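K.L.:
With the input below, show me the fold.
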Amino acid sequence: MSDASTPITASATIATWLEHPRGGPVLRAFFEHSGTSPDSLGPALDMPLRQLVPLSRGQLPQSALDDMVRAANDGEIPAEADAGVAADGADRADRADRADRADRADASSGRFAGRTVVVTGAAGGIGRATAERLLAEGARVVATDISAERLEALAAEISDAHADRLVTVVGDLGSAQTIDAILAAAGERVDALANVAGINDDFSAIHEVSDEMWAKVLAVNVGGLVALTRAVTTRMLETGGGSIVHVASEAGLRGSASGVAYTASKHAVIGITRSMAFMYAKKGIRTNAVAPGAVATGIPMQPEIAPFGSARLEEARGNIPSLATAEQLASSILYLLSEDASNVNGAVLASDGGWSAV
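P.N.:
Okay, here's the model as predicted:
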């Protein structure tokens with residue numbers, strides 16, 4: 001355990017903050033003010049403190065996080081390289097820093113230079129991290145999302161070095177006009193597709209799921225994915241192939257990760273992945289899936305939670321080993337999209353910190 005003179009930064013894990021002589025009281029005061037107990041965080045304890053900003057969905061702005069860091073460090077924000085970490089905290093994964101280092105290392109490789117990649121759900125979370133990482137590795141990215149405001153924010157925050165390789169398309173994937181707009185933005189060829197867009201359900205079991213919830217989740221997670229993938233696959237057949245990655249879920253591997261609608265939709269995504277891998281194996285199109293577990297800045301939750309299903313799922317959540325960052329999932333997606341995975345087809349990569357091994 002570190003002493004009071006050891007600086008602590010936002011890259012340290014929440015658990016390390018709680019154990020820090022000065023960071024602990026600061027963070028506990030924040031949780032008390034927000035009506036949250038650290039005991040309820042579970043695997044999020046091993047998440048870097050700075051991930052609370054996107055995870056809070058606006059309730060914890062960056063300025064408030066900076067104030068917490070200053071309060072724990074005599075009014076200063078220490079440089080990351082100069083900050084010591086408790087010996088027991090040093091062994092914990094600082095996922096965000098490792099993702100940043102991977103971004104810098106891989107950006108020089110140019111794995112996607114000269115390639116056009118379509119990314120759905122690109123305005124936030126895993127989709128945004130994937131789009132940003134692809135741009136860093138030289139891709140021309142067609143980023144599509146239903147949120148015009150968040151796509152504008154993405155475009156505004158992209159560095160000048162990458163801005164000319166980003167094209168945004170606002171729209172619902174269930175609309176033929178949106179599909180046409182994506183293909184038009186891509187141009188003559190689509191080299192790769194990352195299907196990230198998706199919504200969760202309300203954790204309802206089958207006896208309590210509504211027709212509306214069932215239809216909504218299947219329409220977005222399966223219907224939209226099929227509509228765009230069908231169009232992109234047709235284009236890839238015309239131009240000689242490509243690589244496709246569908247984002248499935250831990251819920252596509254088990255029945256205890258979400259409600260019946262989301263679980264069914266992600267099992268369908270895995271079935272689509274395997275069907276495509278077989279159908280186009282000799283046509284130069286590789287299709288794989290990534291199955292995330294618990295991810296900070298994950299997909300939006302429904303405002304109301306089903307009582308029976310949610311209570312039942314709570315019993316299984318203790319098996320979640322860790323929370324991943326969006327950047328970690330982007331790394332998994334880019335691997336499968338890239339030629340590094342040229343011999344991988346029809347695989348479902350569980351990028352879940354070991355949850356699927358439980």
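K.L.:
Please make it C-alpha for all contacts and neighbour counts, starting now.
P.N.:
Noted.
K.L.:
and residue 350, that one's in a strand?
P.N.:
Yes: under DSSP: H, G, I helix; E, B strand; the rest coil, residue 350 falls within a strand.
K.L.:
can you tell me which residues contact it?
P.N.:
Going by C-alpha atoms under 8 Å, 6 or more residues apart in numbering, residue 350 touches 250, 290-293, 356.
K.L.:
what pLDDT does it get?
P.N.:
Residue 350 is assigned a predicted lDDT (pLDDT) of 94.
K.L.:
ranges for the helices of the stretch 251-358 of the chain?
P.N.:
Along the stretch 251-358 of the chain, counting by DSSP state H, counting those that start in this stretch, helices occupy 260-279, 307-314, 326-337.
K.L.:
Out of those, the one nearest residue 26 is which?
P.N.:
helix 326-337 (26.3 Å; C-alpha to C-alpha).
K.L.:
Packing partners of that closest one?
P.N.:
On a contact count with 3 or more C-alpha pairs under 8 Å, 6 or more residues apart in numbering; DSSP states H and E, helix 326-337 meets helix 95-107, helix 125-136, strand 192-195, strand 242-247, strand 285-292, strand 348-351.
K.L.:
These into TSV, with extra columns for distance to residue 184?
P.N.:
Shown next, in TSV, are these (distance: least, C-alpha to C-alpha, whole Å):
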stretch	distance to residue 184
helix 95-107	27
helix 125-136	18
strand 192-195	15
strand 242-247	17
strand 285-292	21
strand 348-351	30
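K.L.:
got any ranges where the stretch 101-250 of the chain has weak pLDDT?
P.N.:
101-109 (pLDDT under 70).
K.L.:
try 90
P.N.:
Judged by pLDDT under 90, the stretch 101-250 of the chain has its weakly predicted residues at 101-110, 159-161.
K.L.:
before we move on, the earlier item: for residue 117, which of the helices and strands packed on helix 326-337 is the nearest?
P.N.:
strand 192-195 (4.6 Å).
K.L.:
Distance of the residue nearest the centre of the chain relative to residue 152?
P.N.:
For the chain, residue 126 is the residue whose C-alpha lies nearest the centre (C-alpha atoms, centre = their mean; 2.4 Å). Distance, residue 126 to residue 152, using C-alpha to C-alpha, to the nearest Å: 17 Å.
K.L.:
repeat for residue 199
P.N.:
On the measure of C-alpha to C-alpha, residue 199 and residue 152 end up 21 Å apart.
K.L.:
Between the two, tell me which one has more neighbours.
P.N.:
Neighbour count, other C-alpha atoms under 10 Å: between residue 199 and residue 152, residue 199 has more, with 19 against 13.
K.L.:
would you say that one is within a helix?
P.N.:
No: read with three-state DSSP, residue 199 is coil and lies in no helix.
K.L.:
That one against residue 215, yeah?
P.N.:
No: here residue 199 does not reach residue 215: they are 11.8 Å apart, not a contact under C-alpha atoms under 8 Å.
K.L.:
Quick one: closest of the helices of the stretch 251-358 of the chain to residue 37.
P.N.:
helix 307-314 (16.8 Å).
K.L.:
Enumerate the positions of that closest one that are buried.
P.N.:
Across helix 307-314, burial judged by 16 or more other C-alpha atoms under 10 Å covers 309-310, 312-313.
K.L.:
Need the CA coordinates for that helix. PDB is fine.
P.N.:
Extracted C-alpha coordinates of helix 307-314, given in PDB (Å, rounded to 0.1, in the frame of the first residue of the first chain):
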ATOM      1  CA  PRO A 307     -38.300  -7.500 -12.100                       C
ATOM      2  CA  PHE A 308     -38.200 -11.300 -12.500                       C
ATOM      3  CA  GLY A 309     -35.500 -11.500 -15.100                       C
ATOM      4  CA  SER A 310     -33.300  -8.800 -13.500                       C
ATOM      5  CA  ALA A 311     -33.400 -10.500 -10.100                       C
ATOM      6  CA  ARG A 312     -32.500 -13.900 -11.700                       C
ATOM      7  CA  LEU A 313     -29.600 -12.400 -13.600                       C
ATOM      8  CA  GLU A 314     -28.300 -10.800 -10.500                       C
END
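K.L.:
Next, the angle helix 260-279 makes with that helix.
P.N.:
On the basis of axes from the mean of the first three to the mean of the last three C-alpha atoms, to 10 degrees, helix 307-314 is oriented at 60 degrees to helix 260-279.
K.L.:
Give me the residues contacting helix 307-314.
P.N.:
Here helix 307-314 has contacts from 202-205, 208, 256-259, using C-alpha under 8 Å, 6+ apart.
K.L.:
chain center to it, what's the gap?
P.N.:
Mean-position distance between helix 307-314 and its chain equals 24 Å (C-alpha atoms, centre = their mean, to the nearest Å).
K.L.:
same thing with stretch 325-335?
P.N.:
The mean C-alpha position of stretch 325-335 is separated from the chain mean by 7 Å, C-alpha atoms, centre = their mean.
K.L.:
for it, what is the average pLDDT?
P.N.:
For stretch 325-335, the mean confidence score works out to 94.
K.L.:
buried set for that stretch?
P.N.:
Buried-residue list, stretch 325-335, by 16+ other C-alpha under 10 Å: 325-334.
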